[in-house]
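In: Could you work out the structure for the sequence below:
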Amino acid sequence: MAGKVQARREALRTKLIDIAEATIAAQGMDAIRARDLAHEADCAVGAIYNVFDDMGDIIIAVNGRTFHKLGLKVAASLRDTSPDAPVDQLIAMSYAYLQFAVDNPKLWRTLFDIQMSNENVPAWYLQELGHLFANIARPLAQLFPEMSEDELDLMTRTLFSSVHGIVLLGVENRISGVPRTRLEQMIALLLRNITTKQTVS
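Out: From the prediction side, this is the model:
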């Protein structure tokens with residue numbers, strides 16, 4: 001009996017995440033409401049809180065999926081690059097990141113709009129983010145073999161933040177950004193210049 005109850009809970013959990021993912025993709029994070037989710041899932045509102053602590057947990061679950069899909073796209077971009085061309089790898093991954101943001105603007109934006117404290121981030125969520133950063137760190141380690149592990153981690157996060165900023169400004173058509181047609185050129189310019197710097201102070 002316990003096994004059947006757990007299976008029903010897992011089925012409901014998956015169904016709710018599916019519905020929330022589709023809602024965010026179409027309307028954004030602010031469209032997530034317990035009553036609407038319950039209606040689409042054909043369950044009571046209270047049943048939602050048997051499998052999730054709150055609405056934020058559902059959004060985090062969707063973000064976990066989004067990070068996983070993003071990671072797969074970024075990893076796939078390396079297939080046509082040479083392992084001996086780390087800068088080309090970084091550029092290819094950045095282009096893939098840009099394309100993912102263009103194709104999935106609301107899901108991508110939700111990755112960064114939800115508020116979480118460092119103490120409340122699930123381990124699996126950090127694992128997905130870690131996979132993404134690991135893809136960036138590998139070519140950086142080739143370019144900067146003298147860096148310590150801490151310096152390499154900082155460089156990885158610096159490059160990610162820099163590319164993310166370009167993509168954010170461009171995708172949202174902010175006045176300080178550049179036309180979307182020139183975003184790839186801007187990303188390549190940044191990466192080719194920053195990766196020629198052989199020291200980090």
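
In: mind listing what's buried in stretch 34-45?
Out: Within stretch 34-45, the residues that qualify as buried are 34, 37-38, 41, 43, counting by 16 or more other CB atoms under 10 Å. Just so you know, the C-beta spots here come from the backbone N, C-alpha and C atoms, and that holds for glycine as well.

In: Could you tell me which of those residues are located in helices?
Out: With DSSP state H as the criterion, helices contain 34, 37-38, 41 from among the buried residues of stretch 34-45.

In: Go through the buried residues of stretch 34-45 and say which is closest to M147.
Out: L37 (45.6 Å; CB to CB).

In: give me every residue that touches the closest one.
Out: L37 sits next to 16, 19-20, 23, 48, 58 when contact means CB atoms under 8 Å, 6 or more residues apart in numbering.

In: Max pairwise distance over those: which two?
Out: If you compare every pair in the contacts of L37 using CB to CB, the most distant one turns out to be T23 and I48, at 13.5 Å.

In: what's the closest of the buried residues of stretch 34-45 to G3?
Out: When the buried residues of stretch 34-45 are ranked by distance to G3 (CB to CB), C43 comes first, at 19.9 Å.

In: Report the secondary structure element holding the closest residue in space to the closest one that isn't next to it in sequence.
Out: For C43, the nearest residue in space outside its immediate sequence neighbours is L12; the separation is 6.3 Å by CB to CB, 6 or more residues apart in numbering. Following DSSP states H and E, the helix or strand that holds L12 is helix 2-27.

In: how about the helices in this structure?
Out: Using DSSP H, the helices assigned to the chain run over residues 2-27, 34-41, 45-51, 55-76, 86-103, 105-113, 123-143, 149-171, 183-194.

In: Same list (those) but as JSON lines, adding mean pLDDT.
Out: Below are those laid out as JSON lines (pLDDT from 0 to 100):
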{"stretch": "helix 2-27", "mean pLDDT": "92"}
{"stretch": "helix 34-41", "mean pLDDT": "96"}
{"stretch": "helix 45-51", "mean pLDDT": "94"}
{"stretch": "helix 55-76", "mean pLDDT": "92"}
{"stretch": "helix 86-103", "mean pLDDT": "95"}
{"stretch": "helix 105-113", "mean pLDDT": "92"}
{"stretch": "helix 123-143", "mean pLDDT": "89"}
{"stretch": "helix 149-171", "mean pLDDT": "92"}
{"stretch": "helix 183-194", "mean pLDDT": "91"}
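
In: residues in contact with the residue nearest the centre of the chain?
Out: For the chain, the residue whose C-alpha lies nearest the mean C-alpha position (CA atoms, centre = their mean) is F67; its distance is 3.8 Å. With contacts defined as CB under 8 Å, 6+ apart, the neighbours of F67 are 111, 125, 128-129, 131-132.

In: so what are the domain limits for the chain?
Out: Listed domain ranges for the chain are 1-52, 54-194 (source: automatic domain parsing).

In: Let me know which of those is tucked in deepest.
Out: Of all the domains of the chain, domain 54-194 carries the top mean neighbour count, a mean of 16, counting by mean count of other CB atoms under 10 Å.
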